[in-house]
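Asker: below is the sequence, then the predicted model.
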Amino acid sequence: MWDSVEGLAHRLLPIFGDQLSDAALFERAFGQPLYVNLVRKDKVAQAVSLIRAEQSGQWHLSTDGSVRQGTEEPKPVTYDAQSIGKEITSLSRDDAAWQAWFATQGLSPLQVTYEDLAKDPQAMVAEILEVSGHDRAIAQSIKPVTAKMADEESRQWIERYRRETA
């Protein structure tokens, strides 16, 4: 998450010195990292997902429908175009901040979209494994444990927001 980068760098500075770039600090602390830039192209859908999670208290569901993170009983959700708009602005700002950070650090991350990851998680994991020097066949043994939470109500909110802001 974008908000975590600065905090992590500040925690590492006293350990490794203040003359290093963020990327150099991270490499010294963790070894050579593989940077994966995961973005969601559909910012309206991403904002709706975040707003609904915040309102309902449910953040992740298992593939069997049980709650992985959040409250067992979801709280009611209410469509709020203003909150969706603010979230889109925030998400876009975070994406831009990541791009600027990667450029400043001289990094070329592996680019992954949420849409591709959701469509074929094993293919994306295989690509990440290959880029990081591991056997991509390992991905075949990995089964997703988190379910996509978007539903008909999410679709309605997305369509309504797009109509209202067209």
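Answerer: Ah, there it is. Residues are numbered from 1 along each chain as shown.
Asker: now residue 101, nearest residue through space, not along the chain?
Answerer: The spatially closest residue to residue 101, leaving aside those adjacent along the chain, is residue 5, at 6.7 Å (Cβ to Cβ, 6 or more residues apart in numbering). For glycine as for every other residue, the C-beta is placed from the backbone atoms N, C-alpha and C.
Asker: number of nearby residues for that neighbour?
Answerer: Here the number of neighbours of residue 5 (other Cβ atoms under 10 Å) works out to 14.
Asker: how close does it get to residue 22?
Answerer: For residue 5, the distance to residue 22 under the criterion Cβ to Cβ, to the nearest Å works out to 7 Å.
Asker: and residue 157, what pLDDT?
Answerer: If you check residue 157, the pLDDT there is 98.
Asker: right, I mislabeled it, should have said residue 18
Answerer: Looking at residue 18, its pLDDT stands at 75.
Asker: quick check, pLDDT for the residue nearest to residue 101.
Answerer: The predicted structure lists residue 5 with a pLDDT of 90.
Asker: on that earlier part again, shared neighbours, residue 5 and residue 22?
Answerer: Shared between the contact lists of residue 5 and residue 22 (criterion: Cβ atoms under 8 Å, 6 or more residues apart in numbering) are residues residue 101.
Asker: and the most centrally placed residue in the chain, which of the three is it?
Answerer: Compute the mean C-alpha point of the chain, and by Cα atoms, centre = their mean the closest residue is residue 38, 5.8 Å away. At residue 38, secondary structure determined by DSSP: H, G, I helix; E, B strand; the rest coil is strand.
Asker: show me the strands in this protein, by range?
Answerer: For the chain, the strands defined by DSSP state E occupy 36-39, 58-62, 67-70, 110-113, 146-147.
Asker: who's the residue nearest to the centre of the chain bridged to?
Answerer: Each beta-bridge partner of residue 38 is listed here, defined by DSSP bridges: residue 112.
Asker: now do the same for it: its pLDDT.
Answerer: The predicted structure scores residue 38 at 96 on the pLDDT scale.
Asker: turn the strands of the chain into JSON lines, including distance to residue 16.
Answerer: Written out in JSON lines, the entries for the strands of the chain read as follows (distance: least, Cβ to Cβ, whole Å):
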{"stretch": "strand 36-39", "distance to residue 16": "23"}
{"stretch": "strand 58-62", "distance to residue 16": "33"}
{"stretch": "strand 67-70", "distance to residue 16": "32"}
{"stretch": "strand 110-113", "distance to residue 16": "25"}
{"stretch": "strand 146-147", "distance to residue 16": "34"}
